[in-house]
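A.B. asks: Let's see this in three dimensions:
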Amino acid sequence: VELVESGGGLVQAGGSLRLACTVSVRTFKGSAMGWFRQAPGKEREFVAAIRWNDGKTDYDDSVKGRFSISRDDAKNTMYLQMNSLKPEDTAVYYCAIVPFLLSTQSMSAPSTYRYWGQGTQVTVSS
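C.D. replies: So this is what the prediction gives:
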């Protein structure tokens, strides 16, 4: 299973970017996909996630109201629309997938996810 992120780049504070993550295989209805980010010298942190079968979403408090996660089942692709970007959003953004999300698993925990992309850099200038 391969995940390929795209859409990163350099943007000024207050601007927008849309990230995309395409999965090499058809996603199962029981799967979940998430976005995580890692800034230099910091641990990888949860950003947002979506459950494939019913579209349930989850967001970190730091991005609520600014970021929006969505999916396109036909394209096996997940998106992260990022608006009102702040310098503290600067990080490498990773997408991840778990083929079958168990009821005991948290969508916000990195350990839940089995496959990861290589990451795409997002830089927000002040």
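
A.B. asks: quick check: mean pLDDT across stretch 39-51?
C.D. replies: The average pLDDT for stretch 39-51 rounds to 96.

A.B. asks: What of stretch 116-123?
C.D. replies: According to the model, stretch 116-123 has a mean pLDDT of 97.

A.B. asks: Contacts made by it with the rest, please.
C.D. replies: If you take C-beta atoms under 8 Å, 6 or more residues apart in numbering as the criterion, stretch 116-123 is touched by 2-11, 17, 19, 21, 37-38, 82, 85, 89-96. No exception for glycine: its C-beta is placed from N, CA and C like everyone else's.

A.B. asks: Which of the residues in that stretch are classified as buried?
C.D. replies: 116, 117, 119, 120, 122 (16 or more other C-beta atoms under 10 Å).

A.B. asks: Same check on stretch 65-77?
C.D. replies: Neighbour count says stretch 65-77 has 67, 68, 69, 71, 76, 77 buried, by 16+ other C-beta under 10 Å.

A.B. asks: related to what we said a few turns ago, turn the buried residues of stretch 116-123 into a markdown table, including secondary structure and distance to residue 33.
C.D. replies: Output for the buried residues of stretch 116-123, formatted as a markdown table (DSSP: H, G, I helix; E, B strand; the rest coil; distance: C-beta to C-beta, whole Å):
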| residue | secondary structure | distance to residue 33 |
| --- | --- | --- |
| 116 | strand | 11 |
| 117 | coil | 10 |
| 119 | coil | 15 |
| 120 | strand | 15 |
| 122 | strand | 18 |
